[in-house]
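Asks: show me how the following folds:
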Amino acid sequence: MDNNNGLWIFGYGSLCWNPGFEYTKSTTGFVKGFARRFWQGNTTHRGTTEKPGRVATLVEQKEGIVYGRVFQVTNNTALPYLQKRECSLGGYLTIISTFHTRDGNRSFPVIIYIATKENQHWLGEASLRNIAKQITECSGSSGHNVEYLLRLADFMHNYIPEAQDEHLFTLELFVRSIIKEQRSVGSRS
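Replies: Numbers count the residues shown, from 1 in each chain. Sure thing, here's the model as predicted:
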């Protein structure tokens with residue numbers, strides 16, 4: 001893999017399954033020193049101002065590893081698109097970190113979009129049950145918040161089965177349980 005041409009963007013949320021931009025290469029792997037958390041609010045894509053959805057961000061965690069997908073971009077359209085999608089609408093900022101391929105044999109710098117508690121959409125920590133409940137109640141212009149969570153979890157299960165992400169996978173179980181309960185109650189009505 002030639003890492004010298006173009007920029008690399010690391011995706012750990014919807015970019016994994018819906019990049020929305022052209023790229024020349026893509027692979028899966030991880031970054032170190034972070035944990036994925038559903039602590040960022042979203043009032044456009046997966047929620048509204050009245051009912052913000054919850055989307056992933058990365059928070060510092062010394063021994064943490066977050067798996068995701070990296071994209072090599074060489075044209076001039078990806079960065080302006082991501083600036084709007086992630087920063088202007090999403091409240092994220094950019095950092096540079098080191099990406100590691102899944103086999104651990106290669107590493108190279110990547111751009112990562114993260115949200116911090118200083119941004120206007122930050123919701124912060126809550127119990128996983130409360131986060132799951134909020135996810136089941138919200139939708140925005142890109143679809144239901146449940147879709148965001150389940151498509152991300154499915155991506156991890158299918159493309160990076162070795163990924164261990166207790167936060168993501170526990171949320172997935174809670175959300176599936178809430179949906180099952182809602183369907184059960186609905187069928188009895």
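
Asks: what's the distance between Leu58 and Asn105?
Replies: Separation of Leu58 from Asn105 (C-beta to C-beta, to the nearest Å): 23 Å. C-beta: built from backbone N, CA, C; applies to glycine.

Asks: which one's more surrounded, these two?
Replies: Leu58 (27 against 7; other C-beta atoms under 10 Å).

Asks: tell me the contacts of the more buried one?
Replies: 12, 31, 34-37, 66, 112, 114 (C-beta atoms under 8 Å, 6 or more residues apart in numbering).

Asks: just these: which are in strands?
Replies: 31, 34-37, 66, 112, 114 (DSSP state E).

Asks: in the protein, which helix or strand is least confident?
Replies: helix 78-82 (a mean of 79; mean pLDDT, DSSP states H and E).

Asks: wait, Trp39 sits on Glu125?
Replies: Yes. Shown here, Trp39 and Glu125 form a contact pair, counting by C-beta atoms under 8 Å, at 6.0 Å.

Asks: look at these two and report which has more neighbours.
Replies: Shown here are Trp39 and Glu125; by other C-beta under 10 Å, Trp39 has more neighbours (22 against 12).

Asks: was I right about Leu93 contacting Ile111?
Replies: No. The pair formed by Leu93 and Ile111 falls short of the contact definition of C-beta under 8 Å, at 10.7 Å.

Asks: which one of these two is surrounded by more residues?
Replies: Neighbour count, other C-beta under 10 Å: between Leu93 and Ile111, Ile111 has more, with 19 against 14.

Asks: can you pull up the bridge partners for the more buried one?
Replies: Ile9, Ile96 (DSSP bridges).

Asks: just for the protein, where's the confidence low?
Replies: 1-5, 75, 87, 186-189 (pLDDT under 70).

Asks: ok, Glu22 touching Asn76?
Replies: No. Taking C-beta under 8 Å as the definition, Glu22 is not a contact partner of Asn76, at 10.5 Å.
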